[in-house]
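**Student:** Build me a model:
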Amino acid sequence: MSLEERIRRRKAEVGVIGLGYVGLPLAVEFARCGFSVVGFDVSREKVQAINAGTSYIPDVASETVQEHVKCTGLRATEDFAALRNLDAVTICVPTPLRQTKDPDISHIVAAAREVKKHLHRDFLIVLQSTTYPGTTEEVLLPEFEETGFRVGTDFYLAFSPERIDPGNRVYNTRNTPKIIGGVTPACGRLATLLYQQAVDTVIPVSSARCAEMVKQLENTFRAVNIGLVNEIAIMCHKLGLDVWEVIGAAATKPFGFMPFFPGPGLGGHCIPVDPRYLAWKLKALNYNARFIELASEVNTAMPEFVFTKICKALNQAKKPVNGSRILVLGVAYKKDVGDVRESPSLDIMRLLQADGAQVDYYDPHVPTLEVDELHMRSIQYEAERLREYDCVVIVTDHSAFDYDGIAQNAPLIFDSRNALKRNAPNIIKL
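**Tutor:** Residues are numbered from 1 along each chain as shown. Prediction:
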């Protein structure tokens, strides 16, 4: 039976390398539509959790994992030798930045080398990790072709950008349209066919490089527009205007305007990171991605801007930062998730501690914080306890937060998200 026929009849065995926010939901979706699925991860804890029917991803219920482990054969392993028995594999590993802000594709390279060891005929490989345009053809393809196999004939290679929004209750892996770009037309056709089994809408594009650029455009669009509105917030501060009122009024225009909202900085594994991959690639071509660089400069400076406003607010209350008790509400990078990667809360907390503040935090999704020099536990929230603090700083807005209790009990509030939706003498906005 050909690879195409195995995919059509959902008899193909599918692997997913990297069982995080992207990989685990994808593995579950393939299992849901009848494929035999093997998940690969270097984390023994994740592998053991999956095989025990336990999910560590909020968007995937443990009951769902348990059902597929028992009924459809979903399993996880650290042993990449299992790749030799598969028909297709998708790579969903992290792509962070180095300390120098250059791309770190070491996880992609490590995964590719494991695939290379077990590469065989009629094998489909799809990279989903966000990276710079050209990675699939310039990094993965030469690695695989060293085996003597030919792309588009012996094996198939494609890129499909991930479009996961953790915590989104409307859009998920199945109902979010999927972009597919193959290294050859045959690669694109087979990758499209595979994803059509598990995703409602699949959109093929002309090449893997095009698909890689699609993802970069999506994230750069957001990063640049957030950088713009963050600078507007700084301008409004200097002009004595309420940026939230300005945005709300502008958003009433029914055409030609899309509202973006300011914040204390960018967080997460995508928006602060991915445009830097594109800017790095363009530097190699002697081109300066000016919008990306400027947006990054503005967004990176926002925690310092927030810190300065907190200091000024405390000053006006005749309290120095040194010795003040400050409670930070929300350390995750966005609402209702537990992911602290690149979270601006961490920078704000470090700045406050460096000036002598006594900093606590509350986040129901992050019970403990172990990042660099920050080793803390979330406090147990009680509205009355807010009176013990000199300032309460809302960095991330969570649906679980008691905003009425915060407004009534905190003596001084810095609201960087307009979460309280009100003005009062004790509330300072971004």
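**Student:** Which parts of the stretch 1-150 of the chain are strands?
**Tutor:** Remark: strands assigned in the stretch 1-150 of the chain by DSSP state E, counting those that start in this stretch are 13-17, 36-40, 75-77, 88-91, 123-127.
**Student:** Near the nearest residue to residue 344 once chain neighbours are set aside, how many residues? Count them for me, please.
**Tutor:** Ranked by CB to CB, 6 or more residues apart in numbering and with sequence neighbours excluded, the top spatial neighbour of residue 344 is residue 265, at 3.0 Å. No exception for glycine: its C-beta is placed from N, CA and C like everyone else's. When neighbours are defined as other CB atoms under 10 Å, residue 265 has 27 of them.
**Student:** was I right about residue 265 contacting residue 299?
**Tutor:** Yes - with contact defined as CB atoms under 8 Å, residue 265 counts as touching residue 299 (6.0 Å).
**Student:** can you pull out the helices in the stretch 1-150 of the chain?
**Tutor:** Secondary structure of the stretch 1-150 of the chain, counting by DSSP state H, counting those that start in this stretch: helices at 3-8, 23-32, 44-51, 62-71, 106-117, 135, 141-145.
**Student:** care to break this protein down by domain?
**Tutor:** Domain ranges of the chain: 3-206, 226-429, per automatic domain parsing.
**Student:** Of all those domains, which one is nearest residue 218?
**Tutor:** Between residue 218 and these, the shortest separation by CB to CB is 7.5 Å, and it involves domain 3-206.
**Student:** nearest to residue 215, of the domains of the chain?
**Tutor:** Closest among the domains of the chain, once you apply CB to CB, is domain 3-206, at 3.4 Å.
**Student:** on that earlier part again, could you export the strands of the stretch 1-150 of the chain as a markdown table, including mean neighbour count?
**Tutor:** Shown next, in a markdown table, are the strands of the stretch 1-150 of the chain (neighbours: other CB atoms under 10 Å):
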| stretch | mean neighbour count |
| --- | --- |
| strand 13-17 | 25 |
| strand 36-40 | 24 |
| strand 75-77 | 19 |
| strand 88-91 | 25 |
| strand 123-127 | 26 |
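**Student:** Can you lay out those as JSON lines showing mean pLDDT and distance to residue 330?
**Tutor:** Output for the strands of the stretch 1-150 of the chain, formatted as JSON lines (pLDDT from 0 to 100; distance: least, CB to CB, whole Å):
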{"stretch": "strand 13-17", "mean pLDDT": "98", "distance to residue 330": "31"}
{"stretch": "strand 36-40", "mean pLDDT": "98", "distance to residue 330": "31"}
{"stretch": "strand 75-77", "mean pLDDT": "98", "distance to residue 330": "31"}
{"stretch": "strand 88-91", "mean pLDDT": "98", "distance to residue 330": "32"}
{"stretch": "strand 123-127", "mean pLDDT": "98", "distance to residue 330": "33"}
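**Student:** Please work out which residues outside stretch 290-310 touch it.
**Tutor:** Stretch 290-310 is contacted by residues 220, 223-224, 226-228, 230-231, 234, 237, 262-266, 272, 275-276, 278-279, 321, 326, 344, 347-348, 351-352, 391, 393, 395, 414, 416, 428, 430 when judged by CB atoms under 8 Å, 6 or more residues apart in numbering.
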